[in-house]
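1. model this:
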Amino acid sequence: MEIKGKRIGIAVTGSFCTIGEAMVEFERLVFMGADVTPIISSNVATIDSRFGTAEEIRRRLELISGKKCIDSIAEAEPIGPKRLLDLVLVAPCTGNTLGKIANGITDTPVTMAVKAHLRNQMPVVLAIATNDGLAGNARNIGSLLNTKNIYFVPFGQDDAIKKPASLVAKFRMIVPAIEHALEGKQIEPVLM
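-> Model (predicted):
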């Protein structure tokens, strides 16, 4: 399905080392004609890291989208009842956020956006970046792989020797994963 004209929420969580890769794909979505709305977790909104400051991330997202970041639970809640989006992309999706989504915990702007959007039985695409994907979060990934309207950007181990439990999405696959999700399909192979 074509991306042009689609209203896509781009929800960013605190895997700070992968936010730069995700930003390139957000720019690609805008270039393809998507209407993107940035949503940031509380950590992204407040933590400065060696990969950039919270203000720099916010500024870049707002520049890409032309919109103010949704950064509170109250601002994210209307996404569902007002049917504001066609799809929500969580990129990067940390293990913490992944676990919360899998277990119905709604205590951040990103998890509220996902919950609000899913109430309309609309697609949510997860681009995971977690150091415990093959450990504590393996069960959450398995659960979400079997959850209606949840789709994954293909992912794999990023460093099997130094970080054997770590999984990271292939961010360059965000656009095709979204195109498939808009048609109700999981892009395959999901494991790369």
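
2. relative to residue 66, how far out is the residue in the chain sticking out farthest from the centre?
-> Distance from the C-alpha centroid of the chain, by C-alpha atoms, centre = their mean, peaks at residue 161 (26.2 Å). Here residue 161 is placed at a distance of 42 Å from residue 66 (C-beta to C-beta, to the nearest Å). C-beta coordinates here come from the backbone N, C-alpha and C atoms, glycine included.

3. got a list of what the residue farthest from the centre of the chain touches?
-> Residue 161 makes contact with no residue, according to C-beta atoms under 8 Å, 6 or more residues apart in numbering.

4. mind checking what secondary structure the spatially most central residue of the chain has?
-> Taking C-alpha atoms, centre = their mean, the centroid of the chain lies closest to residue 90, which sits 0.8 Å from it. Per DSSP: H, G, I helix; E, B strand; the rest coil, the secondary structure class of residue 90 is strand.

5. skip the chain neighbours and tell me the closest residue to it.
-> Using C-beta to C-beta, 6 or more residues apart in numbering and skipping residues adjacent in sequence, the residue nearest residue 90 is residue 11, 4.5 Å away.

6. same question, residue 145
-> Leaving aside its chain neighbours, residue 145 sits nearest to residue 152 (6.9 Å; criterion: C-beta to C-beta, 6+ apart).

7. quick one: the one you found from residue 32, how far?
-> Distance from residue 152 to residue 32, by C-beta to C-beta: 20 Å.

8. now the strands for the chain?
-> Along the chain, counting by DSSP state E, strands occupy 7-12, 35-40, 87-93, 124-130, 150-152, 155-157, 167-169.

9. where does the residue nearest to the centre of the chain land on pLDDT?
-> On pLDDT, residue 90 comes in at 98.

10. wait, it touches residue 125, no?
-> Yes. Between residue 90 and residue 125 there is a contact at 7.2 Å, judged by C-beta atoms under 8 Å.
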